[in-house]
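> Using only what follows, build the 3D model:
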Amino acid sequence: MSAHPTGGVDIAAWASRFDLLSDPHRLEILLVLHRTPGIIVGDLATEVGRTETAVSQALRVLRHQGWVTSTRQGRSVSYRLEDETVHQLLHWIGAGHHH
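The predicted structure is shown next:
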């Protein structure tokens, strides 16, 4: 038996990660969350220059994926990044690998 060409990599999981990261707005939101854990939606919207509604929709997708968790703080909700793999990817992206 020859070795599996993908070496046991979960292709589907990675494809869905990259699918989520391929959206510029989601990627921008994730990078802000990466830099500013516990940011509230209003601040996040300001930071990425989008409406709270647009940001909330993106966050809903990311929460559903289990990448992001939310905590209610009074009348606002704060968000943080939970997924360790995504955290590493964003660190790598955010570290600015300019050649």
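> Can you find the helix or strand in this structure with the smallest mean pLDDT?
Across the helices and strands of the chain, mean confidence by mean pLDDT, DSSP states H and E is lowest for helix 84-94: a mean of 88.
> Tell me, how many residues neighbour the closest residue to Arg35 other than its chain neighbours?
Closest residue in space to Arg35, ignoring its immediate chain neighbours: Gly94 at 7.1 Å, by CB to CB, 6 or more residues apart in numbering. Any C-beta I mention is one placed from the backbone N, CA and C, and that applies to glycine too. Using other CB atoms under 10 Å, Gly94 is surrounded by 12 other residues.
> where's Gly94 relative to Leu31, distance?
Distance, Gly94 to Leu31, by CB to CB, to the nearest Å: 6 Å.
> For the most centrally placed residue in the chain, which residues are in contact?
Centroid check for the chain by CA atoms, centre = their mean gives Leu30 as the closest residue, at 3.6 Å. Shown in contact with Leu30 (CB atoms under 8 Å, 6 or more residues apart in numbering): Leu21, Leu62, Trp67, Val68, Leu81, Val86, Leu90.
> Find the helix or strand that it is a member of.
helix 24-35 (DSSP states H and E).
> Helix 84-94 and that helix, what's the angle between them?
Between helix 24-35 and helix 84-94, the angle comes out at 100 degrees (axes from the mean of the first three to the mean of the last three CA atoms, to 10 degrees).
> all strands in the chain, in order from the N-terminus.
With DSSP state E, the ranges of strands along the chain come out as 39-40, 68-73, 76-81.
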